[in-house]
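Undergrad: compute the structure for the input listed below.
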Amino acid sequence: MKKITLIILTLFIAINSFAQSRGMKEVAETNLGNQVNIGKQYALFIAIDAYRQWTPLKKPVSDAKEIRDILKTDYYIDEVIELYNAQATKQNIIKTFTDLQKKIGVHDSLFIYYAGHGYLEEGSKTGFWIPVDGGTDITLQDNWIANHQIRGYIAGFKTIHVFMVSDSCFSGDILNASRSAAPQINNEYFRRGYSLTSRQVMTSGASEQVPDQSEFSSAFINTLRKNTNPLIDPLSIYNDIRLSVKSTMPMLGALSGANHQENATFIFFRRQNSVAVTPTPQPSNVPSNMVLINGGTFTMGSPVSEMGRDKNEVQHRVTVSNFYMGKYLVTQKEWNDIMGTTVRQRRSMVFNIDMAEDWLLERTLFGEGDNYPMYYVSWYNAIEYCNKRSQIEGLTPVYSIDKRNGDQNRVKNFGDEKWVVTWNRNANGYRLPTEAEWEYACRAGTTTAYNTGENINSNTGWYEGNSGGKTHEVGKKQANTWGIYDMHGNVWEWCWDWYGDYINRAQTDPIGPSSGNERVIRGGSQSSDATILRSAFRTGDLPIGIFDAGPDRGFRLVRNAL
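TA: Got it, this is the predicted structure:
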C-alpha cells in the first residue's frame with residue numbers, strides 16, 4: 001500500500017511540475033517569442049525578527065512568508081529556499097549562497113528577499129546585513145555580512161537573472177542607482193531586457209533608518225497582489241510602490257560590480273488563471289496632468305567630485321512633504337487660455353516688433369505652438385498665472401500680491417522694482433515648487449548628476465548639443481522614473497525661493513531665504529551647456545521684467561497634496 005501511495009504521489013508531483021513548466025513556457029513564448037530560454041525559477045527568503053542580541057523586530061518573517069505565498073500561488077516559482085530566525089545564521093546564509101552558485105543554471109532566475117537589521121559603518125561607509133547570531137559590537141562586527149560580500153556571491157551566480165530586495169536599514173549602498181532614461185515598458189522592452197544579464201536590487205531606503213513595521217514590504221506585497229499583467233519586472237514594481245512609501249526613499253538600481261548589463265531586467269511570470277486582489281484604491285483626485293510625489297528625505301546638492309559642480313551646491317539632508325507636480329511645463333496653449341496672450345504678443349510688446357514680421361523669427365529661432373513650453377515669463381508673471389488659474393478652477397489662490405512697489409509690465413529700471421508676494425501655505429491652489437521640491441522631483445530617487453545617470457545622453461533633455469537652439473514641444477524626451485518630463489533643459493523653471501546660499505544642516509520643507517534680489521531658476525534650457533542641466537545646478541534671476549525673461553524662462557505647476 002505504501003509503495004502504491006508513493007508511486008501515485010511521485011506521479012502527481014511529476015504531472016504538476018510538467019503543468020507548471022508548460023504553463024510558464026506558454027506565458028513566456030506568448031510575450032517574449034519562441035526563442036526565449038526559460039529555466040527554473042528560484043526564490044530565496046532570509047528574514048529575522050527574533051534576534052539573539054539585537055532588538056527584536058515585528059514583521060520581517062510574516063512579510064517574507066506573505067510574499068512567498070503570493071509568488072507560489074499567483075506566479076511561476078519552481079523552488080523556494082527559506083531561512084527564518086534561528087536558521088538565518090551567518091554560516092547558513094553563506095552556505096546557502098555557495099550551494100545555489102553550484103545549483104543554479106545559466107537560464108534560471110533567482111529572486112532574493114532579505115528583511116532584518118542592517119548597519120552602516122560610518123568610517124568606511126560599508127553596509128552590513130545582521131544575521132540572527134550577529135553581535136552588537138560595532139568594532140568587532142562579529143558574524144555580520146558586508147554588502148560587498150553579498151555582491152561577490154551574487155556576481156558569482158551562473159544565471160543571468162538575479163533580483164534582490166533588501167528591506168533593512170542602510171541598504172542603499174549595495175546598489176548603483178544610476179539608470180538610463182525610463183523605458184516604455186512593453187513586450188519589446190521585456191524581450192530585450194530578458195536576453196541580457198540582470199543584477200537588479202530594490203531597497204526599502206537609501207543609507208537611512210527604516211521603520212520596524214515596513215511600509216515598503218506592504219507596498220511590495222500590494223503590487224504583486226494587484227498585478228494582472230503576465231509579466232512584471234523590478235522597474236514596474238518600483239514605479240508602483242514608490243508612490244505608496246512615505247517614511248523612506250525606496251531605491252532601484254543595478255548591483256554595482258556584478259556584471260549587470262544596461263537595460264537588462266528580471267521578470268516574474270504570472271499564472272494567467274489566478275485572480276488579482278484589488279488593493280485599497282489610490283486617491284482619485286489627482287489633478288489632471290499632475291503626478292503625486294510622495295515626500296521623503298534626500299541629499300540635496302552635489303558631491304565635490306561631480307563634474308561641473310559649483311560651490312553653491314553644498315550637500316545637505318532635506319525632507320519634503322507630499323505634493324502634486326505637473327508632468328509637463330506650462331504650455332503656450334495653457335498660458336493663452338488663462339492669460340489671453342501668446343508668446344508673439346509678449347515678444348512684440350517688449351521689443352516693439354511687428355507681430356507679422358516676428359512670426360517667422362519666433363517659429364524659427366525659439367519654437368512656437370500649442371504644446372511648446374511658454375516662455376517670456378517673469379517670476380511675477382508665473383505667480384499671476386497660478387492665482388488666475390486657481391480662481392478659474394474654483395481653488396483658493398496661494399499668493400497675495402501687493403503691487404504698490406511697481407508695475408511688472410514696465411521694462412525700464414525693472415531691477416529696482418519689487419512686488420510684495422505672500423504665500424498662504426494652506427491654500428489648495430496652484431503654485432511654484434520650492435527649490436527643494438524641484439530637485440527632489442527631478443532626481444526621482446537618483447543620486448547621480450542627471451536623473452538618467454552620470455552622463456547626459458540623447459534622451460536626457462533639450463540643451464545646446466541637440467536642440468538646434470530652440471525650444472521643443474513638451475514631453476518629447478523620456479520622463480524620469482516618477483513620470484515627469486523635461487526636468488533637464490528646454491526652458492528654465494522658476495521656483496518660489498529667493499536665491500542664496502543653502503543652510504548647511506538638515507531641514508524639512510525649506511522655502512529659502514526670507515529676502516533677496518533674485519528668484520531661483522532650475523533645470524537649464526535649450527541653449528545651456530550639458531553641465532548646467534545637472535539635477536543639482538542652481539542659479540537665480542531677477543523676478544521682474546519679461547525683457548529679461550527672454551525665450552528660455554518658463555515654469556511648471558505644483559499643488560499641495562490633500
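Undergrad: hey, what's residue 84 bridged with?
TA: Beta-bridge pairing for residue 84 (DSSP bridges): residue 47.
Undergrad: tell me how far it lies from residue 51.
TA: From residue 84 across to residue 51, the span is 12 Å (C-beta to C-beta, to the nearest Å). Heads up, the C-betas are built off the backbone N, CA and C, glycines and all.
Undergrad: wait, residue 144 touches residue 132, no?
TA: No: the pair residue 144 / residue 132 is not scored as a contact, 11.7 Å apart, by C-beta atoms under 8 Å.
Undergrad: tell me which of those two has more neighbours.
TA: Using other C-beta atoms under 10 Å as the criterion, residue 144 and residue 132 rank with residue 132 on top: 26 against 22.
Undergrad: how about that one, secondary structure?
TA: Under DSSP: H, G, I helix; E, B strand; the rest coil, residue 132 falls in the coil class.
Undergrad: from what I can see it touches residue 50, true?
TA: Yes: counting by C-beta under 8 Å, residue 132 does reach residue 50; the two are 7.2 Å apart.
Undergrad: shared neighbours of those two, anything?
TA: Common contacts of residue 132 and residue 50, defined by C-beta atoms under 8 Å, 6 or more residues apart in numbering, comprise 85-86.
Undergrad: flag the shaky bits of the stretch 351-500 of the chain, pLDDT-wise.
TA: The stretch 351-500 of the chain contains residues with pLDDT under 70 at 351-365, 404-418.
Undergrad: in it, which spans are strands?
TA: With DSSP state E, counting those that start in this stretch applied, the stretch 351-500 of the chain shows strands at 399-402, 420-423, 492-498, listed in chain order.
Undergrad: out of these, flag the one nearest residue 272.
TA: strand 492-498 (44.5 Å; C-beta to C-beta).
Undergrad: going by neighbour count, list what's buried in the closest one.
TA: By 16 or more other C-beta atoms under 10 Å, the buried positions in strand 492-498 come out as 492-498.
Undergrad: sketch out the low-pLDDT regions of the protein for me.
TA: The model of the chain has pLDDT under 70 over residues 1-22, 169-185, 206-214, 247, 256, 273-285, 345-365, 404-418, 545-550, 562.
Undergrad: how does it divide into domains?
TA: Domain assignment for the chain by automatic domain parsing gives 36-269, 326-560.
Undergrad: what about residue 270, how many neighbours?
TA: By other C-beta under 10 Å, 21 other residues sit near residue 270.
Undergrad: that one against residue 71, yeah?
TA: No: using C-beta under 8 Å, residue 270 and residue 71 do not qualify as a contacting pair, with a distance of 9.9 Å.
Undergrad: CA atoms only: put stretch 519-529 into PDB for me.
TA: Taking C-alpha atoms only, stretch 519-529 is exported to PDB below (Å, rounded to 0.1, in the frame of the first residue of the first chain):
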ATOM      1  CA  ARG A 519      14.500  84.100  -7.500                       C
ATOM      2  CA  VAL A 520      15.800  80.600  -8.100                       C
ATOM      3  CA  ILE A 521      15.700  79.100 -11.600                       C
ATOM      4  CA  ARG A 522      16.400  75.400 -12.200                       C
ATOM      5  CA  GLY A 523      16.900  72.800 -14.900                       C
ATOM      6  CA  GLY A 524      18.700  74.700 -17.700                       C
ATOM      7  CA  SER A 525      17.400  75.500 -21.100                       C
ATOM      8  CA  GLN A 526      17.700  74.700 -24.800                       C
ATOM      9  CA  SER A 527      20.800  76.900 -25.000                       C
ATOM     10  CA  SER A 528      22.500  75.600 -21.900                       C
ATOM     11  CA  ASP A 529      25.700  73.600 -21.600                       C
END
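Undergrad: chain center to it, what's the gap?
TA: Mean-position distance between stretch 519-529 and its chain equals 22 Å (C-alpha atoms, centre = their mean, to the nearest Å).
Undergrad: and it, what's buried?
TA: Neighbour counts over stretch 519-529 (16+ other C-beta under 10 Å) mark 519-528 as buried.
Undergrad: ok, stretch 335-343 next?
TA: Buried positions in stretch 335-343, judged by neighbour count with 16+ other C-beta under 10 Å: 335, 338-339, 342-343.
Undergrad: before we move on, the earlier item: closest one to residue 291 among the strands of the stretch 351-500 of the chain?
TA: The nearest among the strands of the stretch 351-500 of the chain, by C-beta to C-beta, is strand 492-498 at 15.2 Å.
Undergrad: tell me what that closest one is packed against?
TA: If contacts are counted by 3 or more C-beta pairs under 8 Å, 6 or more residues apart in numbering; DSSP states H and E, strand 492-498 sits against helix 435-443, strand 519-522, strand 553-554.
Undergrad: and the first one, what does it pack onto?
TA: Packing partners of helix 435-443 (3+ C-beta pairs under 8 Å, 6+ apart): strand 290-293, strand 296-300, strand 316-320, strand 323-326, strand 492-498, strand 519-522.
Undergrad: switch to 6 Å and redo it
TA: Secondary-structure packing of helix 435-443 (3 or more C-beta pairs under 6 Å, 6 or more residues apart in numbering; DSSP states H and E): strand 316-320, strand 492-498.
Undergrad: re earlier: need the domains of the chain in TSV (columns: distance to residue 29).
TA: Listed next are these as TSV, based on distance: least, C-beta to C-beta, whole Å:
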stretch	distance to residue 29
domain 36-269	7
domain 326-560	29
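Undergrad: which of those sits closest to residue 288?
TA: When those are compared by C-beta to C-beta, domain 326-560 sits nearest residue 288, at 9.5 Å.
Undergrad: quick one: terminal-to-terminal distance for that closest one?
TA: By C-alpha to C-alpha, to the nearest Å, the extent of domain 326-560 from end to end equals 12 Å.
Undergrad: that domain: how far from the chain's middle?
TA: 22 Å.
Undergrad: for residue 258, see how far away residue 105 is.
TA: Distance, residue 105 to residue 258, using C-beta to C-beta: 18 Å.
Undergrad: just residue 515 next, same as before
TA: Applying C-beta to C-beta, one obtains 50 Å for the distance of residue 515 from residue 258.
Undergrad: the more surrounded of these two?
TA: A count of neighbours by other C-beta under 10 Å puts residue 258 above the other of residue 515 and residue 258, at 24 against 8.
Undergrad: so what's the more buried one up against?
TA: The contact partners of residue 258, by C-beta atoms under 6 Å, 6 or more residues apart in numbering, come to 151, 154-155, 199.
Undergrad: how about the residue nearest to residue 489 when sequence neighbours are not counted, what does it touch?
TA: Spatial nearest neighbour of residue 489, excluding adjacent residues (C-beta to C-beta, 6 or more residues apart in numbering): residue 461 at 3.4 Å. Residues near residue 461 by C-beta under 6 Å, 6+ apart: 477, 488-489, 533.
Undergrad: among the buried residues of strand 492-498, find me the one that's closest to residue 537.
TA: residue 492 (10.5 Å).
Undergrad: so in terms of bridging, what pairs with that closest one?
TA: Taking DSSP bridges as the rule, residue 492 bridges to residue 553.
Undergrad: pretty sure it is touching residue 525, no?
TA: Yes: applying C-beta atoms under 6 Å as the test, residue 492 and residue 525 come out as touching, 5.0 Å apart.
Undergrad: so what sits against both of those two?
TA: Shared contacts of residue 492 and residue 525 (C-beta under 6 Å, 6+ apart): residue 552.
Undergrad: residue ranges of the helices in this protein, please?
TA: For the chain, helices defined by DSSP state H occupy the ranges 2-32, 60-74, 90-103, 147-155, 187-194, 215-226, 234-241, 332-339, 343-351, 355-361, 379-392, 435-443, 546-549.
Undergrad: what is the neighbour count of residue 131?
TA: Neighbour number of residue 131 under other C-beta under 10 Å is 26.
Undergrad: give me the nearest residue to it, chain neighbours excluded.
TA: Nearest residue to residue 131, sequence neighbours excluded (C-beta to C-beta, 6+ apart): residue 90, at 4.3 Å.
Undergrad: any figure for the gap between residue 376 and residue 474?
TA: Distance of residue 376 to residue 474, computed by C-beta to C-beta: 16 Å.
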